[in-house]
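Student: based on what follows, work out the 3D shape:
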Amino acid sequence: MSQSLVDPEFLAPTRPDLVDIHPEDLPDASLLYESNTTESEGVYNVPIAMTENSAQVYGHGSRYWKDRYRRYAREGQHHIIGPMPPRVFLDTFCPCPAQLMQDMPPTVDAFKDVPLQGTEAEIYGPLIKALNAVHGGVSRCPGYTFRDTSKHPDNNGEAKVKPDVICYANVHLDRVKVKKAGSEHLSHADMGFAAFFFEVKRSVGKDFLKDPPEPHSGHWRGHDVVKNASKPNEDLGQNFAYAAEIFARQFRLHIFSVSVSGASARLARWDRAGVIMSRAFSLRTEPEILCEFLWRFSHMTETQRGLDLTVEPASEEDETLFKTAIAKHAQYQLEGTRSGSSDHRLQLSVLEHYQPGAVSSVMVHSKDLDKSPPVYYEQRYLVSRPLISPLSVAGRATRTYWAVNPDTSEVVFLKDTWRFLVDGAEEEGEVLASLERANVQNVPKVLQYGHVPCVIDDDAFRVDPAVFQDTRTQDFLGETWCCNGVRDLRAIVKHTHYRIVLAVAGYSLARISGTSELLCATYDAFLAMLDAYQNAGRLHRDISVGSIILFRPPGHRHAQRIGYLIDWDLSWRIGTQDPHTVYPRYGTWQFASINTAGRQSEKHTIQDDMESMLYVLLYCSMRWLPHSRDDRSLRAIMDPLFDYSHEYLGHHEGGHHKTLNAMDREYTDRVQFKNRALHCFLNDLMYFHQPVPTWRVPSVPEPTQVWGDPERLEEFWRNFLNSPIPLPSDDRVHRVLSDEARAVRSASPQPATIPSMTSRSGSAVSVSRKRGRAETPPPSVLASTQDGDPRSFPPLGTMFRMLPESAGDPPDEGSEEPARKRRNLGRSPQREAGDPIYGRESLTSPGDAA
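Tutor: Numbering: from 1, shown residues only. Down below sits the predicted model:
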């Protein structure tokens, strides 16, 4: 599940893409990661995605800590269950042999100095002293040390984070910065090496949960354990933010934490389905609970503590091989683009996939179904910096990498995710294999896929191929102690760890070089979507910027990159049981159609996928192509159009502003693109999707004839790209949609400007009926479609324009040549040759007809 599925306002990092940086402003490669110079160690201190290209992360929400915590709280309240009895918690999640339990230090008065209430700073000292206490030469948590990290945040992640107390393994203490010599109990927060964390509040009244009255039995299921669930609780969100950061910075199966409110505490266990919180217990009267947790934790295996041991540190030889292969692959993929225009830019591009000293070896386990019984085999891949870093606790938590096969030095695309394991859910690897058999174009070839097995022996690294890494939170929803009140917990479903390897290792659509590549790559993805629908009866249902990959195949060095459609894990084969009818039922929020975002009962159709593709085009065009708006005013347009949602009956709904725009062009009418051809193309797509009613004229056929038949839209799109009207190939611009831009959002956007019939007729053109390349229009028509002053353009969404039909030779190739002719665009026709796209010999614009 996309992070933004639950919370549509999750925020992309603000570091600019390297492709956008002016040559004089390019940073020194050696300084690019100066904020994170600590080397990784297998599962620990994992690099995070460095650019805004994190697929599924497209919101522009505030980075202010209160706003972030509220967003996490809104998401988290649907993923939290409790209160589990503390003794059940320990026996279920913290196994320890009885013999070892006999050696545990005494627990009486262990936390007697922790005040019942006081400032948080007054609690830190006594608490940390008790946690690090040694009795008879034995510490309460052997092999681990607790540090006060409340003053010095970790700045290496999505935002600054500083849990009050962090537990570090002693072997990692030399990697954790301390405030100054002689004050080792005070240190910087380092989520990359955190074993677990404590969050402290000054009194019991600040606890974000509330237990039902004792004795606790099943008749209390109507009680809601989340305090004031209708209002986002910043303290709850703070705990979710810290857990999410550890998940992003380490290869983790689950995480433990402790929430302290005065002299009261709760234990917590987090996984990708949600979090289980224990009943509150007193550190004064029940100190044995926390003492036992610490003792058990220190004697558990690494797997039981939540580490994914299928990931190991790479050797120096492997790191050298990885860096060389990535550099060669990046140079080939970026040739002819701005990122590949200099050695320095190329070096920085390599560092998008590689962090020195942070290369890991990841095992991918597969099953050969052709053999009976099935044979399991494994392949090792080298990875470093991901293209995507998960920002949520619950969900698919997808990481994607350029990975290197150390046996062949081949660069591939590795996806590490937690797939939903519900009835009817299909493996993405199986889906891609079926699409290949159905001859679906522009879908990557799958090389290997399978669930991640559990490591059953840490020392010998033995795995059980029949037992997989699964979440456990969902297993306790039916327990009598589970109190959810009226909160909707359908989001808590079983997830299983899954890896898939594809032959296509490219760049996200967010890395387009310009207008031409955007329109061509999205057309490629549209063909994949259409082929899957027609040849395999399958809907994608998660069309987004991150689901389209730009890739230059081997042997096509000077060709434009092709758009490949990936992320088929939420797809649905029509006519079969839909595993996502309850939750989740759509993909990335910003690109969800009006129906799927606003009406939970609406059935997904091919038109919903087409609408998502429209929003991808609008988003990328507004975000990275030249137009009339500045950064501040642009955000005031994009925020409501793409991010808006509200909660209704426990789930997020939205689409209201998309509806306003579809009916009245409420937002897009304020954007005028510099390139007139792009401006008119987007007008046409929005007209096909939903015309403004006042524009209806008898000479124009109903746009539903196009939108209702995706083949007609494909032919229109193909004719546009194969026409000689030039599109810029290198007009990408960089924008920073800062938090302060919220201040300029208009409470009531200006109404759309409806042009007169005369203004439409003065510049409208007609559609060529021929398949393939259109003939050249006269110079006057070409001039009218070239770049110009955006202020002279009609508002986006208020003019229906089509391609010209005229005679002449194609223009000379230049910087703005029709670059889409570099490869064959289009698909095999499935209607009779000569059948016009609109069912008539020619189509003129409304103005011409008038």
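Student: quick one, what contacts P390?
Tutor: Q3, A244, F247, A248, R396, A397, T398, R399 (Cβ atoms under 8 Å, 6 or more residues apart in numbering). For glycine as for every other residue, the C-beta is placed from the backbone atoms N, C-alpha and C.
Student: quick one: which of those has the most company?
Tutor: For the contacts of P390, the largest number of neighbours (other Cβ atoms under 10 Å) sits with Q3, at 30 neighbours.
Student: how about the secondary structure of Q448?
Tutor: Reducing the assignment to helix, strand or coil with DSSP: H, G, I helix; E, B strand; the rest coil, the entry for Q448 is strand.
Student: scan the protein for its longest helix.
Tutor: Ranked by number of residues, the top helix in the chain under DSSP state H is helix 515-535.
Student: how about it: buried residues?
Tutor: 515-534 (16 or more other Cβ atoms under 10 Å).
Student: tell me the helix or strand right after the helix or strand where A330 lies.
Tutor: Taking DSSP states H and E as the criterion, A330 maps to helix 316-334. Beyond helix 316-334 in the direction of the C-terminus, DSSP H and E gives the next helix or strand as helix 343-350.
Student: whichever helix or strand comes after that next one: which residues count as buried?
Tutor: Of the helices and strands lying after helix 343-350 in sequence (DSSP H and E), the nearest is strand 360-368. Going by neighbour count (16+ other Cβ under 10 Å), the buried part of strand 360-368 is S360, S361, V362, M363, V364, H365, S366.
Student: tell me the mean pLDDT over stretch 641-653?
Tutor: If you average the pLDDT over stretch 641-653, you get 72.
Student: of the buried residues of strand 360-368, which is the nearest to D318?
Tutor: Here the nearest of the buried residues of strand 360-368 to D318, counting by Cβ to Cβ, is S361; it sits at 6.7 Å.
Student: now the closest one: how far from G485?
Tutor: Between S361 and G485 the distance, using Cβ to Cβ, to the nearest Å, works out to 46 Å.
Student: same question, H734
Tutor: Counting by Cβ to Cβ - H734 and G485 are separated by 47 Å.
Student: same question for Y144.
Tutor: Using Cβ to Cβ, one gets 36 Å for the distance from Y144 to G485.
Student: which one of those two has more residues nearby?
Tutor: With other Cβ under 10 Å as the criterion, Y144 and G485 differ in neighbour count, and Y144 comes out ahead with 21 against 12.
Student: which phi and psi values does the more buried one adopt?
Tutor: In this entry, Y144 is assigned phi and psi values of phi -130, psi 150 (degrees, to the nearest 10).
Student: one more: D164?
Tutor: Residue torsions, per degrees, to the nearest 10, at D164 are phi -70, psi -40.
Student: who are the contact partners of it?
Tutor: Contact criterion Cβ under 8 Å, 6+ apart gives E120, Y124, D148, T149, S150, F197, F198, E199, V200 as the residues in contact with D164.
Student: farthest pair in those?
Tutor: When those are compared pair by pair using Cβ to Cβ, the two farthest from each other are E120 and F197, 14.1 Å apart.
Student: these two: who's more crowded?
Tutor: When neighbours are counted by other Cβ under 10 Å, E120 and F197 differ, and F197 comes out ahead with 27 against 16.
Student: ok, that one touching V161?
Tutor: No - between F197 and V161 there is no contact, the gap being 9.5 Å when judged by Cβ atoms under 8 Å.
Student: what sits in contact with each of these two?
Tutor: By Cβ under 8 Å, 6+ apart, the residues touching both F197 and V161 are Y242.
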